[in-house]
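Enquirer: Would you be able to build a 3D model of this:
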Amino acid sequence: MKTYQILYAEDVPHYAIGEIKARGPKDALAKARKVDTETFTALDPDWSNPICRRIVHITEEKSGKYIAEDVRLDNYTLERATDQEITIRDHGKELLEALERAYEVLDGIADKLFFADGQPVTSLTASHIEEIYFDALSEHVAFTELIRKARGEA
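Expert: This next block holds a predicted model:
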């Protein structure tokens, strides 16, 4: 039987209290975001609430070969993300739902444009053209608004 070395990790939140003077809640938040966190030390560890529990890596004892890395053991992650990536993630569920609706609309349009035997339609009635147009347009405003929100523009 082989022996493996496991390196576990978890992060423990640390807290620091400070004061700022501000004109109101928005100003307080803006000033708090600008505080240089490198100039104060968070001294109050919350040992009972570790997060980001993970296996950093598992290696074979003899060869030192990595057999696993970065395995999550809870629902927290450590990652870097741009403001844009965070905004998109904040709207992930809505974006997925919109994509599913778009798929349904496109699937319906495709059905209208093909006969049962898979041959393309060679002529359309005015009512078919209207149906296709309104199917395509049905989610346009919702998609436009959601795209703006995901870009941080709304």
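Enquirer: Now do the strands in the protein.
Expert: Here the chain has its strands, by DSSP state E, at 4-11, 14-15, 44-45, 51-60, 66-72.
Enquirer: What's the mean pLDDT across the third one?
Expert: Right, strand 44-45. The average pLDDT within strand 44-45 is 86.
Enquirer: Off-centre distance for it?
Expert: In this view, strand 44-45 has its centroid 29 Å away from the chain centroid, taken as Cα atoms, centre = their mean, to the nearest Å.
Enquirer: partner strands of it, parallel or antiparallel?
Expert: Neighbouring strands of strand 44-45 in its sheet, by DSSP bridges, are strand 14-15 (antiparallel).
Enquirer: which residues sit against the strand it pairs with?
Expert: 42-46 (Cβ atoms under 8 Å, 6 or more residues apart in numbering). Any C-beta I mention is one placed from the backbone N, CA and C, and that applies to glycine too.
Enquirer: which of those lies closest to residue 66?
Expert: Among those, residue 45 lies closest to residue 66 (Cβ to Cβ), at 30.0 Å.
Enquirer: so what's that closest one up against?
Expert: Counted by Cβ under 8 Å, 6+ apart, residue 45 has contacts 12-15.
Enquirer: how about a cut-off of 6 Å?
Expert: 12, 14 (Cβ atoms under 6 Å, 6 or more residues apart in numbering).
Enquirer: On the strand side of things, show who it bridges to.
Expert: Applying DSSP bridges, one finds that residue 45 bridges with residue 14.
Enquirer: how far away is it from residue 136?
Expert: Residue 45 is 56 Å from residue 136, where distance means Cβ to Cβ, to the nearest Å.
Enquirer: Could you break the protein into its assigned domains?
Expert: Listed by automatic domain parsing, the domain ranges of the chain are 4-72, 83-150.
Enquirer: Quick check: end-to-end length of stretch 12-22?
Expert: Start-to-end span of stretch 12-22 (Cα to Cα, to the nearest Å) is 30 Å.
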